[in-house]
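> Below is the sequence, then the predicted model.
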Amino acid sequence: DIDFEWHVRDYYNSMAWWKHYEELKQFRSSYGHCNVPRGWHQNPTLGTWVAMIRTHYKKMKQGKISSLTRSKIQALNDIDFEWH
C-alpha cells in the first residue's frame, strides 16, 4: 500500500511539473525568455516554480538530492532556460 501511495504522489508531482513546464513554454513564446518574475500577476505560481527549478538544479550540481531528472533538464534546455 505504501508503495502505491508513493507512485500516485510521484505521478501527480510529475503531472504538475509538466503543467508548469507548458506554462513556461507559453510565457517564453510571449516574452522571448524564461525569466518569470516571482508573483507575476498573470500566473503567480509560475515565477515561484521557476525559482524552485533553479534551486533544485543548484542542489543537483552540489551533489545533493534533487527532483530534477535528465529529461526535465533537457526539456528546459530545449526552451533556452537560464539556470543562473
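Sure thing, it's come through.
> going forward, measure contacts between C-alpha atoms and count neighbours the same way
Fine.
> where does the protein have low pLDDT?
Applying pLDDT under 70 to the chain picks out residues 1-12.
> Show the contacting residues for the most centrally placed residue in it.
Central residue of the chain (Cα atoms, centre = their mean): Ile53, 4.7 Å from the mean position. Counting by Cα atoms under 8 Å, 6 or more residues apart in numbering, Ile53 makes contact with Leu68.
> and if you look at Ser66?
His56, Tyr57, Lys59, Met60.
> Check the gap between it and Tyr57 for me.
Separation of Ser66 from Tyr57 (Cα to Cα, to the nearest Å) stands at 7 Å.
> So which of the contacts of Ser66 belong to helices?
Judged by DSSP state H, helices contain the following of the contacts of Ser66: His56, Tyr57, Lys59, Met60.
> Please name the nearest non-neighbouring residue to the first one.
So the one you mean is His56. In space, and not counting its chain neighbours, His56 is closest to Ser66: 5.3 Å by Cα to Cα, 6 or more residues apart in numbering.
> Give me the distance between the one you found and Arg28.
24 Å.
> same question, Ile53
Taking Cα to Cα as the measure, Ile53 falls 16 Å from Arg28.
> do Phe81 as well
Where Arg28 is concerned, Phe81 sits at a distance of 9 Å (Cα to Cα).
> any shared contact partners between the two?
Common neighbours of Phe81 and Arg28, using Cα under 8 Å, 6+ apart, are Cys34.
> give me the number of residues near Phe81?
Neighbour count of Phe81, defined by other Cα atoms under 10 Å: 19.
> returning to what we had before: got a PyMOL select line for the buried ones in the contacts of Ser66?
The buried residues among the contacts of Ser66 can be selected in PyMOL (16 or more other Cα atoms under 10 Å) with this line:
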select buried, resi 56+57
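> Need the phi and psi values for the residue nearest to the centre of the chain.
The phi and psi values for Ile53, taken as degrees, to the nearest 10, are phi -60, psi -40.
> Much appreciated, bye for now.
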